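**Student:** Give the three-dimensional model of this entry:
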Amino acid sequence: LTVISMVILGIDPGTATTGYAVISTSKPKNQKQDRNEKPKVIDFGCIITHPSSLPGKRLQEIYNQVKALIKKHKPDVVITVGDRFETLATTISAVMLNIHLAHTMGGEVTGTIDESIRHAVTKFSHLHFPANTDAKDRIVKLGENPDYVFNTGCPRIDEVKKLIGEQKNGNSYDEKAFFE
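**Tutor:** As a prediction, the model looks like this:
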């Protein structure tokens, strides 16, 4: 029985605090992944940058620490979120080490510098997980292969919607259950 394993480094970029988690998952070859099977958490934490540091220095620190995480855990894929300039540090870390990059929330339009950064990250990425059909179409128009663009929706909005629904049904917010 051949087993396929994958290590994923997920990055949630931020200027002051960048969160990360490293997970692994495996499945028998030629079988679908069991959706109820939770991945194994290998490592998690935060990269903290000094509040008085200039943006370039903060990017350098995030880049160095993400690069160290990649070298330590040897992920098959690095996944990054969004469009803020901190995302560039993760993007360059992965790409320069020849690690596949997955990007969520690409293809959005805001008319700000974030849009330029988002589109740059999209062009560096190998897998794309936009939040809606319009964003998916924009990614394809940027020249990305449609076979690697998956309209997955926005997980954060799904969680908010679930919380609102529970409150409307008279259920109280259970913070502990939310983070399990």
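**Student:** Nearest the geometric middle of the chain, what residue?
**Tutor:** Centroid-nearest residue in the chain, with C-alpha atoms, centre = their mean: residue 80, separated by 3.0 Å.
**Student:** Now do the longest strand seen in the chain, average pLDDT.
**Tutor:** When the chain is parsed with DSSP state E, its longest strand is strand 17-28. Over the span of strand 17-28, the pLDDT mean works out to 89.
**Student:** That strand pairs with which strands, and in what direction?
**Tutor:** Paired neighbours of strand 17-28 in the sheet (DSSP bridges): strand 3-12 (antiparallel), strand 40-48 (antiparallel).
**Student:** Deepest-packed of these, please.
**Tutor:** Stretch with highest mean neighbour count among the strands paired with strand 17-28: strand 3-12 (a mean of 17; mean count of other C-beta atoms under 10 Å). In this view, the C-beta of every residue, glycine as well, is placed from N, C-alpha and C.
**Student:** Could I get the full set of strands for the protein?
**Tutor:** Assigned by DSSP E, the strands in the chain fall at 3-12, 17-28, 40-48, 77-81, 100-104, 127-129.
**Student:** What is the burial count for the closest residue to residue 84 other than its chain neighbours?
**Tutor:** Spatial nearest neighbour of residue 84, chain neighbours left out: residue 13 (5.9 Å); criterion: C-beta to C-beta, 6 or more residues apart in numbering. Using other C-beta atoms under 10 Å, residue 13 has 24 neighbouring residues.
**Student:** Equivalent analysis for residue 129, please.
**Tutor:** Neighbours of residue 129 under the rule other C-beta under 10 Å: 24.
**Student:** ok, it - contacts?
**Tutor:** By C-beta atoms under 8 Å, 6 or more residues apart in numbering, the residues touching residue 129 are 102, 103, 104, 105, 106, 150, 152.
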